[in-house]
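1. Coordinates for the following, if possible.
(one chain, ligands or ions: 2)
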Amino acid sequence: MNVLVAGGAGYIGSHMCKRLAEAGHRVVVLDNLSTGHRAAVQWGELVQASLGDTAVVKDALKRYQIDAVMHFAASSLVGESMKDPYRYYENNVIATLHLLQAMKDVGIDRFVFSSTAAVFGEPERDLIDEAHSCTPINPYGNSKLAVELILDDAARAYGLKATALRYFNAAGACSSGVIGESHSPETHLIPKILRRAAGESIEVRVFGNDYKTRDGTCIRDYVHVCDLADAHLHALDYISAQPGFHRFNLGNGAGYTVLEVLNAAEAIIGRPLAIPYGPRRAGDPAILVASSEKARRVLGWKPQRADIRQIVGDAWAWHQAPAY
Ligand SMILES: NC(=O)c1ccc[n+]([C@@H]2O[C@H](COP(=O)([O-])OP(=O)(O)OC[C@H]3O[C@@H](n4cnc5c(N)ncnc54)[C@H](O)[C@@H]3O)[C@@H](O)[C@H]2O)c1
Ligand SMILES: O=c1ccn([C@@H]2O[C@H](COP(=O)(O)OP(=O)(O)O[C@H]3O[C@H](CO)[C@@H](O)[C@H](O)[C@H]3O)[C@@H](O)[C@H]2O)c(=O)[nH]1
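-> Ligands and ions are numbered 1, 2, ... in the order given. Coordinates of the predicted model:
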C-alpha cells in the first residue's frame, strides 16, 4: 500500500515508517517538523507541511496515490495543554478535521489514529479496557477524545474505515539505534533518566513515593514503540476488511513502578543514578495499566518486547549516541 504517515518525523511515527517499509509498503511522510526531526525521515519522502495546508495535503494524497493515512501528528504535552488549550484544540482537532476533509475530497477512506490513555481520565479500575468510561482530565485528552468522536461520526456518515489506538506509555527505540526518542523539552520518565545517565545536566526526580502501590511510586504500562508499530500494521489490515470505527487499547497489561524502571535502568547502565524523590506531579493517577485483550483477540496483536529491561535497553542504545 501507499501510506501517508502524518507526524512521521516524530518519535513513534518514524518507527512506524521503518516498520511499514520493512513490510513492503511505500511511505510518504507529512510533517511540519514542529517537534519532529528531518533526520528521522529515512523511509520515504518528506512533504514538509502542516495538516491544515489543505492544497499541499491534497496534492500529496493524489500525487503519491495514497491508500491509507496513519496519523501521529499532534501536540502531546499534558501540562502545556492545561496552559494553552486553544493550541491543543487547534492542532489536534481542527487540523485533524482538515486532514480528514482532504482525504474525503480525494476519496481515501482508511485512517489509523494515534489516541492515548489520557482519554480515560482518572482510572476507575486497575486494568483499563475499552469499556472504561472516557472522562479526560486535561485538554490533551479532550482533544484526542474529540477526534475519536469525529471518527465515529465519519464512519457512519461517510463510510470512513478508521481505528483509534490508545497507547499507554510508549517507550524504547528500534534496536538498530538509528532512530529514537528526542523531545525538547523531554518530559517522559525513561528518556529523562537515560539522558541524565548519558551526561546531560537534566533534573530528574521520582514524582511522589506515597502512592498506594507496591513501593509507593506510580505504576505505568510501558509499551515498546516497535510493538506499537506492529499493532498499527494489524489495525491497517483489520480496517481494510472491517468497515466502521474501532477503538483499541495498547499496552502490555502489566505495569512497572517508577522505582522498578529506575532499577532496570541502573542495571543496564551498570551504576547507581542517585535520582532523588520529589513531590507528586499534579494530575498523575497512581496506576494506569491497559487491558489489551481486545487488540490481542481481534487484531491478533502480540507484543514481543514487554520486558522493561528490553524497553530500557533499546532506549539506552539510542541515548548513548543519539543522531538528533
Ligand atoms: N509518546 C507517548 O507516550 C504517547 C502516548 C499516547 C499517545 N501518543 C500520541 O502518539 C502520537 C505521536 O507521539 P510522539 O511521542 O511520537 O510525538 P512527536 O512530537 O515525537 O511526533 C509528532 C510529530 O508530528 C509533527 N506535527 C505536529 N503537529 C503537526 C501538524 N499540525 N502538521 C504536521 N506535522 C505536525 C511533529 O513535527 C512531530 O514530528 C501523538 O499523536 C501523541 O499524542 C503518544
Ligand atoms: O521526571 C519524571 C518523569 C516522570 N515520572 C513518573 O513516571 C511515570 C511516567 O511518566 P511520563 O513518562 O511522563 O508519562 P505519563 O505522564 O504517564 O504520560 C504518557 O503516557 C500516557 C498514557 O499512560 C499518555 O497519555 C501520555 O501522552 C504520555 O506522555 C509517571 O508516574 C510520572 O509521575 C517521574 O517520576 N519523574
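
2. So Tyr158 sits against Lys104, correct?
-> Yes. At 5.9 Å, Tyr158 and Lys104 qualify as touching, with contact defined as Cβ atoms under 8 Å. Placement of C-beta: from N, CA and C, glycine included.

3. Mind checking which of these two has more residues around it?
-> Lys104 (15 against 11; other Cβ atoms under 10 Å).

4. For the more buried one, which residues are in contact?
-> 154, 158, 160 (Cβ atoms under 8 Å, 6 or more residues apart in numbering).

5. okay, these in TSV with secondary structure and pLDDT next?
-> Output for those, formatted as TSV (DSSP: H, G, I helix; E, B strand; the rest coil; pLDDT from 0 to 100):
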residue	secondary structure	pLDDT
Ala154	helix	98
Tyr158	helix	98
Leu160	coil	98
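
6. Closest one of these to Lys302?
-> For these, the closest approach to Lys302 (Cβ to Cβ) belongs to Leu160, at 27.4 Å.

7. Counting neighbours, what do you get for the closest one?
-> For Leu160, using other Cβ under 10 Å, the count is 23.

8. Spatially nearest residue to it (excluding sequence neighbours)?
-> Leaving aside its chain neighbours, Leu160 sits nearest to Ala154 (4.1 Å; criterion: Cβ to Cβ, 6 or more residues apart in numbering).

9. do the same with Glu122
-> Pro285 (5.8 Å).

10. my guess is the one you found contacts Cys218, does it?
-> Yes. Here Pro285 reaches Cys218: they are 7.5 Å apart, a contact under Cβ under 8 Å.

11. out of those two, which sits in the busier spot?
-> Applying other Cβ under 10 Å to Pro285 and Cys218 shows that Cys218 carries more neighbours, namely 24 against 15.

12. what's downstream of the lowest-mean-pLDDT helix or strand in the chain, the next helix or strand?
-> Of all helical and strand segments in the chain, the minimum by mean pLDDT, DSSP states H and E falls on helix 78-83, at a mean of 92. Counting by DSSP states H and E, the next helix or strand C-terminal to helix 78-83 is helix 85-88.

13. mind listing what's buried in that following helix?
-> Tyr88 (16 or more other Cβ atoms under 10 Å).

14. Arg195 is in contact with Gln320, correct?
-> No. The criterion here is Cβ under 8 Å, and Gln320 misses it with Arg195 at 10.4 Å.

15. rewinding a little: residue contacts, the residue nearest to Glu122?
-> By Cβ under 8 Å, 6+ apart, the residues touching Pro285 are 122-123, 218.

16. nearest to ligand 2, of those?
-> Cys218 (3.0 Å; Cβ to the nearest ligand atom).

17. In contact with the closest one, which residues are there?
-> 207-208, 211, 257-258, 284-288.

18. Please report how far it lies from Glu148.
-> Distance, Cys218 to Glu148, using Cβ to Cβ, to the nearest Å: 25 Å.

19. For the closest residue in space to Gly180 that isn't next to it in sequence, give me its contacts.
-> Leaving aside its sequence neighbours, Gly180 sits nearest to Trp318 (Cβ to Cβ, 6+ apart; 3.0 Å). The neighbours of Trp318, taking Cβ under 8 Å, 6+ apart as the test, are 173, 177, 179-181.

20. could you measure the residue lying farthest from the centre of the chain against Leu165, distance?
-> No residue in the chain sits farther from the centre than Arg271, which is 30.0 Å out by Cα atoms, centre = their mean. Arg271 is 37 Å from Leu165, where distance means Cβ to Cβ.

21. Kindly report the same for Asp53.
-> 25 Å.

22. Which of these two has more residues huddled nearby?
-> Legend: neighbour count by other Cβ under 10 Å for Asp53 and Leu165, higher for Leu165 (23 against 19).

23. what residues does the least confident helix or strand of the chain touch?
-> 75, 87-88, 118, 138-141, 143, 187, 283.

24. sorry, back to before: thought the residue nearest to Leu160 was touching Ala162?
-> Yes. Checked against Cβ under 8 Å, the pair Ala154 and Ala162 is within contact range at 6.9 Å.

25. Would you mind listing the residues touching both of these two?
-> Common neighbours of Ala154 and Ala162 (Cβ under 8 Å, 6+ apart) are Phe245.

26. Looking at those two, which is more packed in?
-> Taking neighbours as other Cβ under 10 Å, Ala154 and Ala162 compare with Ala162 leading, 26 against 21.

27. So which other helices or strands are in contact with the host helix or strand of the more buried one?
-> Here Ala162 sits within strand 161-167, counting by DSSP H and E. Contact here means 3 or more Cβ pairs under 8 Å, 6 or more residues apart in numbering; DSSP states H and E; on that basis strand 161-167 packs against strand 110-116, helix 139-158, helix 225-241, strand 244-250.
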